[in-house]
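Here's my sequence, what's the structure:
(chains A and B)
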Amino acid sequence: MKIIFNEAKKLFNPILLVMLIIFTFIFYKGFFALGYWPQFQVESPWNTEVYSELAERVGPTLSRDEMPQFYEFRNEIVSQVNAELQKSEIFKENGIETYEQYIEVKNGLQTKDASGEAFSGNDEEVLAEADRYMFREEPASELLFKLQDLNKITQQIDIGKAFATDETIKILDGYLSELNPEMAEMIREKCFSDEISLLPATPSNVVENDSLYLTIISCITVFSAVILMLITDRLRGIYPIALSSKIGRKIFKIQTAVCGIFGLLAGALACLIYGAALLNKGAGVFLNCPMDNFYHDMWVKISYRQYLIIMAAAVIIFSGVAGLLSYIIGRFATNYISGLAVSIPTLVALCAAKFFSTAGLFSAQRTWTLSRFWSSVALPFLIILPICIAVTAAVCLILKRDGRRDIL
Amino acid sequence: MLTVDNVTKCYGKKPAVENISLSLGNGLYGLLAPNGAGKTTLIKMLTTLLTPTSGEILYCGTPIEKLGAEYRGLIGYLPQQFGYYRGSTPVRYLEYLAALKGMPEKGLREKIDKVIDEVGLTESKNIKMKKFSGGMLQRVGIAQAVMSDPKILILDEPTAGLDPKERVRFRNIISAMSKDRTVILSTHIVSDIESIANRVVMIKDRKIFRDSTVPEVSKELEGQVYETSVPDGEYEAFEREYFVLSARQEQGSMAVRFYSPSPAPYQIAEPDLEDFFLVTYR
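As a prediction, this is how the structure comes out:
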């Protein structure tokens, strides 16, 4: 046990640790989507907030029975919007006092604009005021965006994609007939579901984006610590004494185990810190939300919590693989430069494998060309399993060879 | 008893040592040969770092590969290039190596303090080794080799970097230890073993050339080593005629010690191990 502890202790190089912390901070600022929470990609920041507020009120899903609560919630926001709209002199002069009137006039003007009809001076003034309310006037802008996102639920019901009946599903007949039968069946099943998941787009998109960067950070940490330790051991001439001592060549097995465990722990620590930050941002309210809803068409029925666990497991597995791979590189690299030269392409390949194995995991939208089996089971496993098996086999062969080979 | 039985080691097709046979009981064995003669290869086979291409090494009749950890547990080894961590202190480093050697935790700190004291590093025991001189590092190396109280102590060029005072101290430590264990001291510095070795093993052309006591080896040159004084102007001609073992400048002449296999008209000197070494590897 003491030997394991001693070998593990050698991985903690204080200078390297400080450098990695600085690197992680810069990397976080530069690449992590969590820094932009609650906004990410095309969604407004209010998209996440409004679903969070609704989920707090009705729970992770919205059932048919909870629709009155949904409308009550929506009406509260509509009332606030109405109060804001009534503050505008321009709207007052044009008879716009309610949200419905605002939408009707705005849509009318936008249609007019799109069709190339001539605008009157008043039209331009009203449209400019409508745009100002939508994008610049607070809190009206926030409230209008929230309503826009809430309307997606009612729109889903209107077009038959949620709480469908035999009548409303007919609206989708044309759309469903275009899809492959497996996907059409999955969407049809979702249309008839009694619940709508209140998971917005951002929480899962952020995690998918950041899980790659978490893998990059933990793999870089593992590679730099392990390779530095092993090359230093060899260049300093530690092995002749260690290998002729009672522990002998078992030291190689211990170092392998320490590197593998270090990889797993580095990945786990990265995920824990990230998980805490994610919950701190307010993602906790979505943990029990099913992933499958109108934002995500999912092949596999899992909750957001399960999705987070699967993504964390992927990061930890790749980090563990990085521990073993860096051990192999560290054993064979003759100096720091050659260690670095081999590490860079290996890291790139490892992170690419992570990206392709979990990008759009279980999603029918992003992997629409693939069947349920390929996108949700075969693809990730076909990438992850062979990597794990190949790296483990390589380590076993090296250890077997180390048991006999000459230490020059 | 450590037995080297007809051992050959080849790197690729090139032999480094050939048909080496030795029996090593308690006592100090000086392994003497010039650099590159195969001393380190033999030492590495004795420490299990290399495997013989043919032949075997036995400890009390059992091949050392079979004994494995049991055999390695009996070894104390100081390699030619002593490896250490620059940021570590002697105490921390010896604790690390003690764990690798499987030494019990109980009384370990006292044992470490004792060996550190024996090699004269007590005052520097908590200083990082990156600040140490070559001699101080070599003393840490000696401390780690002896700290587990090994039955077989193998030292490869142990006095490199030590000053004369440290050499004497080292010789005394090793000499005292050789009473009840096997000490193998590999060196190309004759004076390191001349006064303390029970037996001298010399390697030449990859094979054992001599395996006997220091007086026996020295005696082989009896009547063939001479001393004389040569005027400065005649020294070059003298050097061409005889194999000069040593020469010292005096006023207007050179005090010369030389080897001549045939009788020479000069004063015969008492041969020593260094003379034999120089004649053998000339």
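
Find out how far stretch A:217-226 is from the centre of the chain, if you would.
From the chain centre to the centre of stretch A:217-226 is a distance of 22 Å (C-alpha atoms, centre = their mean, to the nearest Å).

Kindly state the pLDDT recorded for residue A:367?
Note for residue A:367: predicted pLDDT of 52.

Kindly apply the preceding question to residue A:407 instead.
Looking at residue A:407, its pLDDT is 76.

which residues sit in contact with the closest residue to chain A within the stretch 1-150 of chain B?
Residue of the stretch 1-150 of chain B nearest chain A, by C-beta to the nearest C-beta: residue B:83 (3.1 Å). Quick note: C-beta positions are derived from backbone N, CA and C, even for glycine. Residues near residue B:83 by C-beta atoms under 8 Å, 6 or more residues apart in numbering or on different chains: A:233, A:236-241.

for the closest residue in space to it that isn't next to it in sequence, what are its contacts?
Excluding its sequence neighbours, the residue lying closest to residue B:83 (C-beta to C-beta, 6 or more residues apart in numbering or on different chains) is residue A:237, at 3.1 Å. By C-beta under 8 Å, 6+ apart, the contact set of residue A:237 is B:79, B:81-83.

how much space between residue A:237 and residue A:318?
33 Å (C-beta to C-beta, to the nearest Å).

what does residue A:290 give?
Separation of residue A:290 from residue A:318 (C-beta to C-beta): 26 Å.

which of those two has more neighbours?
A direct count of neighbours by other C-beta atoms under 10 Å in any protein chain shown for residue A:290 and residue A:318 places residue A:318 higher, at 30 against 22.

Just to check, the more buried one is in contact with residue A:267?
Yes. Residue A:318 lies in contact with residue A:267 (C-beta atoms under 8 Å); the separation is 7.0 Å.

okay, and the common contacts of these two?
A:215, A:218.

Residue B:31 is in what secondary structure piece?
Remark: residue B:31 resides in strand B:27-32, with elements defined by DSSP states H and E.

Output the contacting helices and strands for the one helix or strand residue B:114 maps to.
In the assignment (DSSP H and E), residue B:114 maps to helix B:108-118. Contacts defined by 3 or more C-beta pairs under 8 Å, 6 or more residues apart in numbering or on different chains; DSSP states H and E place helix B:108-118 against helix B:90-100, helix B:134-146.

What are the contacting residues of the first one?
Defining contact as C-beta under 8 Å, 6+ apart, one finds that helix B:90-100 is touched by A:2-3, A:6, A:241-242, A:245-247, A:251, B:84-85, B:88, B:108, B:111-112, B:115-116, B:121, B:124-127, B:129, B:140, B:143-144, B:147-148.

what about 6 Å?
A:2-3, A:6, A:242, A:245, A:247, B:84, B:108, B:112, B:116, B:121, B:125, B:140, B:144 (C-beta atoms under 6 Å, 6 or more residues apart in numbering or on different chains).

again, but for the last one
The list of residues contacting helix B:134-146 from outside it, by C-beta under 6 Å, 6+ apart, reads B:76-78, B:82, B:90, B:94, B:97, B:115-116, B:119, B:121, B:161-163, B:166.

ok, residue A:314 - contacts?
Counted by C-beta under 6 Å, 6+ apart, residue A:314 has contacts residue A:358.

Can you tell me the SS state at it?
Here residue A:314 is recorded as helix under DSSP: H, G, I helix; E, B strand; the rest coil.

same question, the one 10 residues further on
The three-state label given to residue A:324 by three-state DSSP is helix.

Could you do residue A:127 as well?
Classification of residue A:127 by three-state DSSP places it in helix.

quick one, helices of chain B?
B:39-46, B:64-67, B:69-72, B:90-100, B:108-118, B:134-146, B:164-177, B:191-194, B:214-219, B:235-241, B:273-280 (DSSP state H).

So which residues on the stretch 51-200 of chain B come close to chain A?
Residues of the stretch 51-200 of chain B lying near chain A by C-beta under 6 Å from any C-beta of the partner chain: B:69, B:72-73, B:75, B:77, B:79, B:81, B:83, B:96, B:99-102.

List only buried entries from those residues.
Neighbour counting over these (16 or more other C-beta atoms under 10 Å in any protein chain shown) leaves B:72-73, B:75, B:77, B:79, B:83, B:96, B:99-101 as the buried ones.

For those, work out which two are farthest apart.
Using C-beta to C-beta, the pair of those lying farthest apart is B:73 and B:83, separated by 19.8 Å.

Number of residues surrounding residue A:242?
If you count neighbours by other C-beta under 10 Å, residue A:242 ends up with 24.

The helix or strand containing it vs chain B: in contact?
Residue A:242 is part of helix A:239-244 when elements are defined by DSSP H and E. Yes. Contact of helix A:239-244 with chain B (C-beta under 6 Å from any C-beta) involves A:240-244.

With adjacent residues omitted, what lies nearest to residue B:3?
Once flanking residues are discounted, residue B:3 sits nearest to residue B:58: 4.5 Å by C-beta to C-beta, 6+ apart.

Model confidence at that neighbour, what's the number?
On pLDDT, residue B:58 comes in at 95.

Next: the one 5 residues further on.
If you check residue B:63, the pLDDT there is 94.

could I get the contacts of residue B:83 as TSV with pLDDT?
Converted to TSV, these look like this (pLDDT from 0 to 100):
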residue	pLDDT
A:233	88
A:236	87
A:237	87
A:238	88
A:239	88
A:240	90
A:241	91
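
what's around residue 159, how many residues?
No chain in the question, so chain A it is. 15.

I was thinking of chain B, sorry if that wasn't clear
As a burial measure, residue B:159 scores 22 neighbours (other C-beta under 10 Å).

Quick check: it touching residue B:167?
Yes. Residue B:159 is within contact range of residue B:167, at 5.2 Å (criterion: C-beta atoms under 6 Å).

State the distance from the residue lying closest to residue B:67 once chain neighbours are set aside to residue B:73.
Sequence neighbours aside, residue B:59 is the residue nearest to residue B:67 in space, at 5.9 Å (criterion: C-beta to C-beta, 6+ apart). Look at residue B:59 and residue B:73: by C-beta to C-beta, they are 11 Å apart.

helix or strand for the one residue in chain A that gets nearest to chain B, which one?
Using C-beta to the nearest C-beta, the closest approach of chain A to chain B is made by residue A:237 at 3.1 Å. Assigned by DSSP H and E, residue A:237 falls within no helix or strand.

Find the residue closest to the residue of chain A positioned farthest from its centre in space, skipping its chain neighbours.
Within chain A, the residue lying farthest from the chain centre (C-alpha atoms, centre = their mean) is residue A:244, at 49.1 Å. Spatial nearest neighbour of residue A:244, chain neighbours left out: residue B:47 (4.0 Å); criterion: C-beta to C-beta, 6+ apart.
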